[in-house]
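Colleague: Using only what follows, build the 3D model:
(one chain, ligands or ions: 2)
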Amino acid sequence: MFVPLNVNLENKKILIIGGGKVALRKVNFFLQYGCNIEVVGKNIAQEIYEVTENSNSRVTLIQREFEMNDLYGKYIVIISTDNFKLNEQIANKCEERGVLYTNCSNGEVSSFSLPAVVKRGDLSVAISTNGKSPALSKKIKKEISDIYKNEYEEFLELLGELRYVVLKGESDDRVKRKLLNEAVNMNINELREFINNYRGEKL
Ligand SMILES: C[C@@]1(CC(=O)O)C2=NC(=C\c3[nH]c(c(CCC(=O)O)c3CC(=O)O)Cc3[nH]c(c(CC(=O)O)c3CCC(=O)O)/C=C3\N/C(=C\2)[C@@H](CCC(=O)O)[C@]3(C)CC(=O)O)/[C@H]1CCC(=O)O
Ligand SMILES: NC(=O)c1ccc[n+]([C@@H]2O[C@H](COP(=O)([O-])OP(=O)(O)OC[C@H]3O[C@@H](n4cnc5c(N)ncnc54)[C@H](O)[C@@H]3O)[C@@H](O)[C@H]2O)c1
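Modeller: Ligands and ions are numbered 1, 2, ... in the order given. Next up, the predicted model:
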């Protein structure tokens, strides 16, 4: 049973084993959240080198074969070599040591899976099919991306600001709830104006 959770990965080390197409997708996934990532790959794809150069030292590349010692001190391990047997051995070792892992060549036995994610600033919409169809996750991700476009990043920033001022300025819980629920139906300009007026009148 795979349960969606939001995990705090601040200052946690993530290891990605393998340097191919799947590794690249996972590097990009964790980079969106500013995580610290180590990649160990026998060969490392050019695109991973390019992403690393623009990563503000968030990504460390180690070009060689994986060694079991690489697991030391890691919180999350993504196993994505093209060697099915090796992936299984690494997965068993992670299981033994209580490290969270995804075996990309055998999702069913992994200790977690990554969802497809639409991210707009602090808004994350995650999609999972419990491993049944990554292709369906991808399709739904595209549909959600078309509905929730980039402006949602700023919209959510403003909602956060509104929440801050309303919680400060209002003592009646019913009024608070009403304002916070009404605000999500405003457009960006209405919301900005509402916050400015509210600050002027109440704070
Ligand atoms: C959503 C997404 C997120 C991400 O990976 O970041 C994701 N796979 C994506 C793409 C993708 N996956 C595959 C292809 C090649 C085409 C094909 O074969 O179909 C492509 C490329 C493509 O379609 O473009 C095949 C595949 N996937 C898995 C296996 C092994 C297995 O099933 O056991 C195999 C067969 C391998 C083989 O046999 O060769 C396993 C997993 N893939 C998952 C997630 C997890 C379940 C998520 C869920 O519940 O939906 C899970 C369990 C583990 C994990 O990786 O965490 C991402 C969407 C793209 C996006 O975000 O744009
Ligand atoms: N989970 C998913 O979403 C998903 C999607 C497609 C494929 N897959 C599976 O994931 C695996 C990787 O797929 P890919 O497309 O990235 O393959 P790829 O061929 O592009 O990359 C494999 C990488 O593993 C590296 N490697 C091999 N042996 C190694 C070792 N001993 N130590 C370190 N690195 C080693 C290679 O150098 C290469 O960089 C395959 O098993 C594939 O079946 C999973």
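
Colleague: C-alpha from now on. contacts and neighbour counts both.
Modeller: OK.

Colleague: By neighbour count, which bits of the helix ranked longest in the chain are buried? Give me those.
Modeller: The longest helix of the chain (DSSP state H) is helix 151-169. In terms of neighbour count (16 or more other C-alpha atoms under 10 Å), helix 151-169 has its buried residues at 152, 155, 156, 158, 159, 162, 163, 165, 166.

Colleague: Same question for stretch 55-65.
Modeller: 55, 59, 60, 61, 62.

Colleague: How about the secondary structure of the third one?
Modeller: Using DSSP: H, G, I helix; E, B strand; the rest coil, the secondary structure recorded for residue 60 is strand.

Colleague: which strand residues sit across from it in the sheet?
Modeller: residue 38 (DSSP bridges).

Colleague: That one contacts residue 52, correct?
Modeller: Yes: using C-alpha atoms under 8 Å, residue 60 is in contact with residue 52, at 7.3 Å.

Colleague: for the longest helix of the chain, packing partners?
Modeller: Helices and strands touching helix 151-169, as assessed by 3 or more C-alpha pairs under 8 Å, 6 or more residues apart in numbering; DSSP states H and E, comprise strand 116-120, strand 123-127, helix 173-183, helix 188-202.

Colleague: let's see it at 6 Å
Modeller: Applying 3 or more C-alpha pairs under 6 Å, 6 or more residues apart in numbering; DSSP states H and E, one finds that helix 151-169 contacts helix 188-202.

Colleague: related to what we said a few turns ago, distance from the longest helix of the chain to the middle of the chain?
Modeller: How far helix 151-169 lies from its chain's middle: 22 Å, per C-alpha atoms, centre = their mean, to the nearest Å.

Colleague: Then stretch 142-149?
Modeller: Distance, centroid of stretch 142-149 to centroid of chain: 17 Å (C-alpha atoms, centre = their mean).

Colleague: Equivalent analysis for stretch 180-189, please.
Modeller: Worked out by C-alpha atoms, centre = their mean, stretch 180-189 lies 26 Å from the chain centre.

Colleague: Please spell out which residues along it are buried.
Modeller: 180, 183, 188.

Colleague: Could you export that stretch as PDB, CA atoms only?
Modeller: The C-alpha coordinates for stretch 180-189 follow below in PDB (Å, rounded to 0.1, in the frame of the first residue of the first chain):
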ATOM      1  CA  LEU A 180     -10.000  32.700   3.700                       C
ATOM      2  CA  ASN A 181     -12.500  30.600   1.700                       C
ATOM      3  CA  GLU A 182     -13.800  33.600  -0.300                       C
ATOM      4  CA  ALA A 183     -10.300  34.600  -1.300                       C
ATOM      5  CA  VAL A 184      -9.500  31.400  -3.200                       C
ATOM      6  CA  ASN A 185     -12.300  32.400  -5.700                       C
ATOM      7  CA  MET A 186     -10.800  35.900  -6.400                       C
ATOM      8  CA  ASN A 187      -8.400  36.600  -9.300                       C
ATOM      9  CA  ILE A 188      -4.900  37.900  -8.600                       C
ATOM     10  CA  ASN A 189      -5.700  41.600  -9.000                       C
END
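
Colleague: All set now, cheers.
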